[in-house]
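The sequence and its predicted three-dimensional model are supplied below.
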Amino acid sequence: MDENNLNRIRDVGTISYRALLNAKALVKPGAKLLDIASAAEKFLLDSGYTCAFPLNLSVNSEAAHYSPAVADEKVFGDKDIVKVDFGAAKDGILGDCAVTVDLSGENGKLVEASEQALADAIATVKAGVKVSEIGKEIANAIESRGFKPIENLGGHGVGEHDLHSKIFIPNFDNGDDTELEEGEVIAIEPFATSGKKGLVTDSDVCEIYGFAGPVQVRNPDARKVLDEIMNKYSSEPFAVRWLSNVIPEKFKLYVAVKELWRSGALTPYPMLIGLGGGNVSQAEAELLVTRDGCEVLTK
Ligand code: MN
Ligand code: MN
């Protein structure tokens, strides 16, 4: 990879991590999720970047992909365990990183499990390592603390305008002998759960969508929303609430978005929820694979 490209990737990684820490600092009992998301996303826009995806604030057994709704009144409770997942974008370069905030202080071991899994995975990464070996390290760190790794979530390659490119990095030993390559940009994201099953499933809550392709729609509201999406959010996922400027009335906006989704214009990213109950923790970093190890980009 040429030096100029490398510097752009490092720059987006650095701002992503700063944005993540800023958001993390705002996660407190009684704080409104919508205020935190608005502040975090504004920080990136004011800094000359866009969002690789809307701020994710997923609570307790929610594993990922909750982002505040239009006029969301939800606040954090004092027992919540909160996954904060965020990243910046610039000219197709994407950041992706996450931390867990344990508001009760009662889930320290569970938070430690995903953090240690990430640290062990990072220590294993280098060119030529099999992705299943990384998965094995992740599962060991989590299981040795009495929890389960979430097996149907995992790390991924990060390409230009492509947050989940090619390679999949499992959170357990899945036998995949695909090897990491020097110069590859990847995200590793162990999820640990105290629930009975190490699996997540789609919920019927969906606040995040991506543009899939243009369609013909009759509903004028849907047409206006689609124009806005094609103008502003055609490459990276967006939150429904980002479209409130086009259709201020909440109900009408969701109807329009649903129509666009049904007609194939949008890819939904529904909130993911643990199948076996319990709480979920997550840690995530973006890395550059090198010959002898890796460079953490989101630091
Ligand atoms: Mn990721
Ligand atoms: Mn992420």
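Now that the structure is in, tell me what you want to look at. Numbering: from 1, shown residues only. Ligands and ions are numbered 1, 2, ... in the order given.

quick one, domains of this structure?
3-201+272-296, 208-268 (automatic domain parsing).

out of those domains, deepest packed?
Ranked by mean neighbour count, those are led by domain 3-201+272-296 with a mean of 20 (mean count of other CB atoms under 10 Å). Any C-beta I mention is one placed from the backbone N, CA and C, and that applies to glycine too.

Got the phi and psi for the residue of the stretch 151-299 of the chain found nearest ligand 1?
Closest to ligand 1 within the stretch 151-299 of the chain is A187: 4.2 Å, counting by CB to the ion. The phi and psi values for A187, taken as degrees, to the nearest 10, are phi -120, psi 140.

How about the contacts made by the nearest residue to S16 once chain neighbours are set aside?
Spatial nearest neighbour of S16, excluding adjacent residues (CB to CB, 6 or more residues apart in numbering): G95 at 2.8 Å. Counting by CB atoms under 8 Å, 6 or more residues apart in numbering, G95 touches 12-13, 15-17, 52, 86-89, 286, 297-298.

Look up how far V82 lies from L57.
6 Å (CB to CB, to the nearest Å).

who touches both of those two?
V27.

now the domains of the chain in CSV, with mean pLDDT?
Shown next, in CSV, are the domains of the chain (pLDDT from 0 to 100):
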stretch, mean pLDDT
domain 3-201+272-296, 97
domain 208-268, 97
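
Among the contacts of G95, which lie within strands?
Using DSSP state E, the members of the contacts of G95 that fall in strands are F86, A88, A89, E286.

Just flag the most distant two among these.
Farthest-apart pair in these is A89 and E286; separation 12.3 Å (CB to CB).

Which parts of the stretch 1-150 of the chain are strands?
Under the criterion DSSP state E, counting those that start in this stretch, the stretch 1-150 of the chain contains strands at 50-51, 56-59, 62-64, 81-86, 88-90, 93-94, 97-102, 148-149.

Distance to I273 for the ones you listed - can I get that in TSV?
Output for those, formatted as TSV (distance: least, CB to CB, whole Å):
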stretch	distance to I273
strand 50-51	23
strand 56-59	9
strand 62-64	5
strand 81-86	12
strand 88-90	27
strand 93-94	25
strand 97-102	16
strand 148-149	15
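
Serialize those strands to JSON lines and add fields for distance to ligand 2.
JSON lines is the format used below for the strands of the stretch 1-150 of the chain (distance: least, CB to the ion, whole Å):
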{"stretch": "strand 50-51", "distance to ligand 2": "12"}
{"stretch": "strand 56-59", "distance to ligand 2": "7"}
{"stretch": "strand 62-64", "distance to ligand 2": "7"}
{"stretch": "strand 81-86", "distance to ligand 2": "4"}
{"stretch": "strand 88-90", "distance to ligand 2": "12"}
{"stretch": "strand 93-94", "distance to ligand 2": "10"}
{"stretch": "strand 97-102", "distance to ligand 2": "5"}
{"stretch": "strand 148-149", "distance to ligand 2": "16"}
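
Would you quantify the distance from Y233 to P54?
With CB to CB as the criterion, Y233 and P54 are 10 Å apart.

ditto for A71
In terms of CB to CB, A71 sits 15 Å off from P54.

Kindly report the same for K109.
Counting by CB to CB, the gap from K109 to P54 is 30 Å.

ok, and what's touching stretch 291-299?
Residues contacting stretch 291-299 (CB under 8 Å, 6+ apart): 9-10, 12-14, 16-17, 20, 87, 95-97, 122, 125-127, 182, 185, 284-288.

if we go to 7 Å?
Stretch 291-299 is contacted from outside by 9-10, 13, 16-17, 95, 97, 122, 125-127, 182, 285-288, using CB atoms under 7 Å, 6 or more residues apart in numbering.

and the gap between I186 and G159?
10 Å.

Report the secondary structure state of the residue located most distally from the centre of the chain.
Checked against the mean C-alpha position of the chain, the extreme residue using CA atoms, centre = their mean is R218, at a distance of 33.1 Å. Three-state assignment for R218 (DSSP: H, G, I helix; E, B strand; the rest coil): coil.

Excluding chain neighbours, what is closest to the residue in the stretch 101-250 of the chain that ligand 2 sits nearest to?
Closest residue of the stretch 101-250 of the chain to ligand 2, CB to the ion: E189 (5.9 Å). Of all residues not flanking E189 in the chain, E284 sits nearest, at 3.8 Å (CB to CB, 6+ apart).
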